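# Generate a structure from the sequence data that follows.
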Amino acid sequence: MGKYFEELTEGESRVSRGRTITETDIVNFAALTGDWVELHVNEEYARQSYFGRRIAHGALIFSIATGLSVRMGTVDDTVIAFYGVDKLRFVKPVFIGDTIWAREKILSKEPRDEKSGIITIQTEVINQREEVALTYTGKILIKRK
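Okay, the predicted model is just below:
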C-alpha cells in the first residue's frame, strides 16, 4: 500500500531501480507515437548529427521516468491523478545502452480538500555516469487519510 498525503514529508527523497534503454524501446516508441525523426531511428543519419549517434526520444525518457517513479511503490493505491508537470528540461541525451534511474525529492505538500492533497516532486533522470539527463517538477494528486 502506498503512502497517504499525511505520511509523506517535504525533503524526503528516493531513487528508483535502474533501466537500460534499448533500440527496441526507441523503435516501439517511434511506432506508437509516429515520431520517426531520423536522429532516433536512422543510424547513418545520426552519425552525422550533433550527437554522433542515435538518441532516445526525450518524451520516451520522460515516460520511462514516470514508470520508474511508479515502480517505487510510494503512492500505489493512494494516487488519484498525475496533476501536471512544470520546468521539464532535457539536459543531456540518452543513448541506446544507457541505464537510467529516477531520483525524486518531495518539494512541497498542499492540502486540496478533506480527501486529497497535491504533492510537488522534483525528479531528475540520471544515467550510469551520474549525469542528469532530464529534470522536471511534477505534481500528483494524492489521497488523504
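
# and the strand or helix carrying I140, how far out from the chain's middle?
Assigned by DSSP states H and E, I140 belongs to strand 132-143. Distance of strand 132-143 from the chain centroid (CA atoms, centre = their mean, to the nearest Å) equals 7 Å.

# Quick check: mean pLDDT of that strand?
Averaged over strand 132-143, pLDDT sits at 98.

# what are the pairing partners of it, and which direction each?
strand 79-90 (antiparallel), strand 116-127 (antiparallel) (DSSP bridges).

# Report how many residues lie close to the closest residue to K145 other than its chain neighbours.
Distances taken as CB to CB, 6 or more residues apart in numbering put Y4 closest to K145, at 4.9 Å, once the chain neighbours are dropped. Heads up, the C-betas are built off the backbone N, CA and C, glycines and all. Counted with other CB atoms under 10 Å, residues neighbouring Y4 total 15.

# ranges for the strands of the chain?
13-15, 19-20, 79-90, 99-111, 116-127, 132-143 (DSSP state E).

# On the strand side of things, show who I119 bridges to.
I119 forms beta bridges with K109, I140, as assigned by DSSP bridges.

# That one is in contact with F5, isn't it?
Yes: with contact defined as CB atoms under 8 Å, I119 counts as touching F5 (7.0 Å).

# list the residues that contact both of the two?
K109, I142 (CB atoms under 8 Å, 6 or more residues apart in numbering).

# tell me the contacts of R112?
Contacts of R112 by CB under 8 Å, 6+ apart are I118, L141.

# what about this structure, any weak spots by pLDDT?
In the predicted model, the chain carries no residue with pLDDT under 70.
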